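**Q** Provided below are the primary sequence and the corresponding predicted coordinates.
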Number of protein chains: 2
Amino acid sequence: MRPPRGAFLLGGQSPGHRCAPLTSPRSPLQIRPFEASDWSAVWALLEPVFRAGETFPHDPAISEDEALVAWVEQSQAVMVAVDAAGVLVGTYYLKPNSHALGAHVANAGYVVTDHCRRRGIGSRLCQHSLQAARRLGFRLMQFNLVVSTNTAGIRCWQRNGFQVVGILPGAFRHRQLGYVDCQGSLVRTTAELHISPRVPG
Amino acid sequence: MRPPRGAFLLGGQSPGHRCAPLTSPRSPLQIRPFEASDWSAVWALLEPVFRAGETFPHDPAISEDEALVAWVEQSQAVMVAVDAAGVLVGTYYLKPNSHALGAHVANAGYVVTDHCRRRGIGSRLCQHSLQAARRLGFRLMQFNLVVSTNTAGIRCWQRNGFQVVGILPGAFRHRQLGYVDCQGSLVRTTAELHISPRVPG
């Protein structure tokens, strides 16, 4: 059966690249801050996800420059996941979810490359983002508009401690399915996170 | 007993002005589009609400210019309510709550002047904004961060058909009370609204 598609499951193509195994706890996946030279690889991940119009609310016709603003320039932190072969296989952004009096609540978005699905990279990014959020002083993480058809993403976030707050009826205009419900929101506190000496890569 | 404070209940001071009665269905309250010349009166409503830090997440130290951007320039529509004496007693903004694939969901914010509390002006603004939202093509209205201590606002929105989706624990840093829960979100559809020949003033 084809796995459900979701923000964690979609991503850019790297023909010929085989994703390194990530099942070992000593997996060499490195999660590190985004650098300007990463952009073309990050855009290669983001573009098919935005074009698909199934998980993120951005215009499916978004330009590369607009995507750079949305993913990088409007974020407080952007990270990339690089596998053992040095290939960029995932990215996330982290930013405040609201203005000053709501700025202790973080928001994040994740994309993992298409051919590295079901290897736990999304979960690694999620855990990394929670640690990063706590280090940056955020008390809570909130996802606002989680498309109900993104079942793999929702399962992943729930495994990582997120609670579904409620359902927003028809709040997302899915490019294939039309108006679909959203989980709005998923939240979890950062309070009980164990913070290791450094954010683990 | 002092009524609970909320976005609907706080507002600017107009010493000496007595709010015209609004209990009659023929109340002369006029709701009309904001004009540039309204700004100083709108800012007089907004400033004490933002400074209080009890209902809107904006920085309580927000400048007038920043407030103009937040309330007017970033909105799709801004309306003001003017009483029989020509005094501006309320305002609301209306804008999309998200990007393209979530842009059919409207968001709105309301402020009513302090001395015109409990006269149904908030409800009139809310109903007006729902009609305006439907006319503008929005299918849903959503409030994202409704502070749980704003009980009067919450009651008003529920009277106007909004459902509480769930609770966001500690998502608002109330200036007096510290971290308080939010109703996140309140939503209602615009589908069954009766649209009169013109948006009623």
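**A** Great, that's in hand. All values derive from a computational prediction rather than experimental measurement. Numbering: from 1, shown residues only, chains lettered A, B, ... in the order given.

**Q** the nearest residue to residue A:71 once chain neighbours are set aside: neighbouring residues, count only.
**A** Nearest residue to residue A:71 in three dimensions, chain neighbours excluded: residue A:93, at 5.5 Å (C-beta to C-beta, 6 or more residues apart in numbering or on different chains). In this view, the C-beta of every residue, glycine as well, is placed from N, C-alpha and C. Using other C-beta atoms under 10 Å in any protein chain shown, residue A:93 is surrounded by 21 other residues.

**Q** what distance do you get for residue A:93 to residue B:101?
**A** Noted for residue A:93: a distance of 18 Å to residue B:101, by C-beta to C-beta, to the nearest Å.

**Q** rewinding a little: run through the residues that contact the residue nearest to residue A:71.
**A** A:71, A:72, A:75, A:77, A:78, A:108, A:109 (C-beta atoms under 8 Å, 6 or more residues apart in numbering or on different chains).

**Q** residue A:102 now?
**A** A:96, B:57, B:145, B:171, B:172, B:173.

**Q** so among these, where is pLDDT lowest?
**A** Checking pLDDT across the contacts of residue A:102, the minimum falls on residue B:145 at 89.

**Q** can you give me the end-to-end distance of stretch A:28-44?
**A** 22 Å (C-alpha to C-alpha, to the nearest Å).

**Q** let me redo that: stretch A:134-143
**A** With C-alpha to C-alpha, one end of stretch A:134-143 sits 16 Å from the other.

**Q** returning to what we had before: doesn't the residue nearest to residue A:71 lie inside a strand?
**A** Yes: applying DSSP: H, G, I helix; E, B strand; the rest coil, one finds residue A:93 inside a strand.

**Q** quick check: bridge partners of it?
**A** Note on residue A:93: beta-bridge partners by DSSP bridges are residue A:78, residue A:109.

**Q** if I look at it, how far off is chain B?
**A** 14 Å (C-beta to the nearest C-beta, to the nearest Å).

**Q** same check, this time on residue A:176
**A** From residue A:176 to chain B the distance is 11 Å (C-beta to the nearest C-beta).

**Q** the lowest-mean-pLDDT helix or strand in chain A pairs with which strands, parallel or anti?
**A** Among the helices and strands of chain A, strand A:186-189 carries the lowest confidence by mean pLDDT, DSSP states H and E, at a mean of 82. Partners of strand A:186-189 in the sheet, by DSSP bridges, are strand A:140-143 (antiparallel), strand A:163-164 (antiparallel).

**Q** how far is that strand from where the chain is centred?
**A** On the basis of C-alpha atoms, centre = their mean, to the nearest Å, strand A:186-189 sits 15 Å off its chain's mean C-alpha point.

**Q** repeat that for stretch A:125-135.
**A** 11 Å.

**Q** that one and chain B in contact?
**A** No: on the criterion C-beta under 8 Å from any C-beta of the partner chain, stretch A:125-135 is out of touch with chain B, staying 14.0 Å away.

**Q** so for that stretch, mean pLDDT?
**A** The model assigns stretch A:125-135 a mean pLDDT of 95.

**Q** farthest pair in the contacts of residue A:102?
**A** A:96 and B:172 (12.9 Å; C-beta to C-beta).

**Q** what's the closest non-adjacent residue to residue A:157?
**A** residue A:186 (5.3 Å).

**Q** ok, the one you found - contacts?
**A** Applying C-beta under 8 Å, 6+ apart, the residues near residue A:186 are A:142, A:143, A:146, A:154, A:157, A:158, A:162, A:163, A:164, A:165.
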